[in-house]
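S.K.: starting from these lines, generate the structure:
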Amino acid sequence: MEKPVGKTKIVSFDVDGTLVDAKFNDLVWLEEMPRLYAEKEGLSFEEAYRFVLREYEKVGEGDLKWYDMDHWLRHFGVRKSYAEILRQYAERIKVYPEVEKTLSALHNRFPMIVITLMPREFLEFKLEKLGDYFFRTFSTISDFKSVKTEQVYREICKRLNIAEHELLHIGDSWEADYVAPTEAGVKALCVDRDGKRNGSGLIKGLDEILTIL
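M.R.: Residues are numbered from 1 along each chain as shown. A predicted model of the protein is given here:
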């Protein structure tokens, strides 16, 4: 793995699939939401699950409503707050084993931030599990009303008062965490824990960053 070119001033991390696994999200969207809808409508879980998934698919990941829990609670007519649901499952958030070691080692060398797609209501619960390592956090959905794009990465660099090449971003989505920042001139690495990809810009775990930087 080649070292990213140019001086890095700030290191950025995605959250889901990078710092914590995605099972918490699945519990909320694919278990709790269908369960609540089944309870409300007197359906079996399987019936409610199929209906909820069809409704998600009608919207799609390109629409910001896809990520808006308040929208879905209203859509399904569920009388429960998103905060109550998230708090219910917060203890199920799991941090990847190498994260603490990596963040601790980098903490005195680089200022660190988070750039995530997830809304802030999800992010805050996960930050509680990650420790006080990040001096700033960005939710592209909450802060920019956007998914991760080249323009969003450029705007974040502007807000941080750094050149694009002075930011190193690490995430697990090839398009959102590698292609988009790279097109913006940001250095990027893609976490590929399962070894499904080939090529440059890939790492299998966050601890590899310690030998790269």
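S.K.: which sections of this structure are below the confidence cut-off?
M.R.: 1-6 (pLDDT under 70).
S.K.: the helices in this protein, which residues?
M.R.: Taking DSSP state H to define them, one finds helices in the chain at 23-26, 33-41, 45-59, 69-75, 82-89, 99-107, 120-130, 140-144, 150-160, 180-183, 209-212.
S.K.: so which of the ones you listed is nearest Arg193?
M.R.: helix 99-107 (12.1 Å; CB to CB). C-betas here are computed from N, CA, C, even on glycine.
S.K.: show me what that closest one is packed up against.
M.R.: helix 209-212 (3 or more CB pairs under 8 Å, 6 or more residues apart in numbering; DSSP states H and E).
S.K.: alpha carbons only: can I get the helix it packs on in CSV?
M.R.: Provided in CSV are the C-alpha atoms of helix 209-212 (Å, rounded to 0.1, in the frame of the first residue of the first chain):
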residue,chain,number,x,y,z
ILE,A,209,-3.1,3.4,8.8
LEU,A,210,-0.4,3.4,11.5
THR,A,211,2.2,2.1,9.0
ILE,A,212,0.9,4.3,6.2
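S.K.: number of residues surrounding the spatially closest residue to Lys7 that is not a sequence neighbour?
M.R.: The shortest distance from Lys7 to any non-neighbouring residue, by CB to CB, 6 or more residues apart in numbering, is to Glu166 (6.4 Å). Close neighbours of Glu166, defined as other CB atoms under 10 Å, add up to 17.
S.K.: would you check how far apart the residue of the chain most remote from its centre and Glu31 are?
M.R.: Distance from the C-alpha centroid of the chain peaks at Gly42, with 33.7 Å (CA atoms, centre = their mean). Gly42 sits at a distance of 18 Å from Glu31 (criterion: CB to CB, to the nearest Å).
S.K.: go on, Asp177?
M.R.: 26 Å.
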